[in-house]
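**Q** My questions are about this predicted structure, shown below with the sequence.
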Amino acid sequence: MKDTIKVGIVGCGAHAQIAHIPFFKRNPACTLVALCDSDIRIIDHLCSKYEIPDKYQDFQKILEDERIDAVIISTPNYLHAPMAIAALKYGKHVFCENPMATNLEEAAEMVRVAKSSGKKLAVATSNHLRPDVQTLKTFIKEGELGDIYYIKSGWLIGRREWILSPWRLEKLKSGGGAFLSLGTNLLEIGLYFLKSKKVASIFASIHKREPKAEVEDTAMCIINFTDGTLLTIEVSWSLLFEDDFLYCNVFGKKGAALLNPLKIQKELHDELYNVTPTLEHTNIYRESYELQVKSFLDFLTKNQTPPITCEDGLLIAKISKAFYESAQQQKLVRI
């Protein structure tokens, strides 16, 4: 048996540099042996900084590296599925960023290939593992807020002046618009809080500020559950405003909670009390990235169920498909 899992990371942009490279490098259960990116300057710098022995510009080369047990896919959305499928077929375990694919068919193919190859496939989990999210999940699971009937969430990215990045204009490069890139992260958290409930339907709307854009820059939706619970999501990356807004507000029959920052209020004896616990964490994101790496490695070595399973990823893909169908047809779509 190998002493550690040998890992290669594909895609070395900002997110990989923040969430993956430092944490896979420092985890003793794995060895980060290679980076792959089309920009040689980036991988030269990162391999030198983190003392990573090998670098590849050609994805095929990292697939052919027989030392590598697992591949981390941190590339643009449209590359997630083809790269993950190729890596699985080459006998690598795969950890893939959310969304796992740009459409339901690709997501289903990823799961099929994982099962047929006998290799493990996991989807990004950092939002689940944030200490504030975990704390709120505990309150919900233990019934402290009563039955949850409404979750309102949003990720609104402000800009001081209107600049539409060229990659966001092209569906191929963006792999979907604001909902697929931003909204699926909120959907992931909402479904996590409403784990015991079943999705019934969705009504969605989109807006394209730039007429020539193939994808939306602003979107919103209402997701209905079979018991009447509502989940709303609003996202945008084109707001002419200097601040960003990222929020998730949870409302139950006995209390309510807000994220960013965490605040929990509960009704006691007809009075509303602040019951927010003190979180002793200096950086909730850093801790979530550390736990994300650990959960993936535990999945490989100890067969522990990851926070987001392939089935969870497929549900997100299924809802995303229904979202775009609803927006295009301008009507409610049942799921």
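**A** Looks like it came in fine.
**Q** Just the element for Arg286, please.
**A** Following DSSP states H and E, one finds Arg286 within helix 284-301.
**Q** Please export the C-alpha coordinates of that helix as CSV.
**A** Below are the C-alpha coordinates for helix 284-301, written out as CSV (Å, rounded to 0.1, in the frame of the first residue of the first chain):
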residue,chain,number,x,y,z
ILE,A,284,-13.9,30.3,8.3
TYR,A,285,-12.8,29.9,4.6
ARG,A,286,-9.4,28.5,5.4
GLU,A,287,-10.9,26.0,7.8
SER,A,288,-13.4,24.9,5.2
TYR,A,289,-10.7,24.4,2.6
GLU,A,290,-8.6,22.3,5.1
LEU,A,291,-11.7,20.2,5.8
GLN,A,292,-12.5,19.9,2.1
VAL,A,293,-9.1,18.3,1.4
LYS,A,294,-9.4,16.0,4.5
SER,A,295,-12.9,14.8,3.5
PHE,A,296,-11.8,14.0,0.0
LEU,A,297,-8.8,12.1,1.2
ASP,A,298,-10.9,10.3,3.8
PHE,A,299,-13.3,9.3,1.0
LEU,A,300,-10.3,7.7,-0.8
THR,A,301,-8.5,6.0,2.1
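**Q** buried residues in the helix or strand following it?
**A** Following helix 284-301 in sequence order, the next helix or strand is helix 310-329 (DSSP H and E). For helix 310-329, burial by neighbour count (16 or more other C-beta atoms under 10 Å) applies to 310, 312-317, 319-324, 326-327. In this view, the C-beta of every residue, glycine as well, is placed from N, C-alpha and C.
**Q** Which positions within the helix holding Arg286 qualify as buried?
**A** Buried, per 16+ other C-beta under 10 Å, within helix 284-301: 284, 287-297, 299-300.
**Q** do you know how far the nearest residue to Lys254 once chain neighbours are set aside is from Ala256?
**A** Leaving aside its chain neighbours, Lys254 sits nearest to Gly146 (3.2 Å; criterion: C-beta to C-beta, 6 or more residues apart in numbering). Gly146 is 10 Å from Ala256, where distance means C-beta to C-beta, to the nearest Å.
**Q** what about Leu268, how many neighbours?
**A** Neighbourhood size, Leu268 [other C-beta atoms under 10 Å]: 11.
**Q** swap in His45?
**A** 13.
**Q** Checking it next. Helix, strand or coil?
**A** helix (DSSP: H, G, I helix; E, B strand; the rest coil).
**Q** Which pLDDT does the model give it?
**A** At His45, the pLDDT value in this model is 97.
**Q** so how far is Thr75 from it?
**A** From His45 across to Thr75, the span is 18 Å (C-beta to C-beta).
**Q** now, among the buried residues of helix 310-329, which is nearest to Ile335?
**A** Lowest distance from Ile335 to these (C-beta to C-beta) belongs to Ala322, with 5.1 Å.
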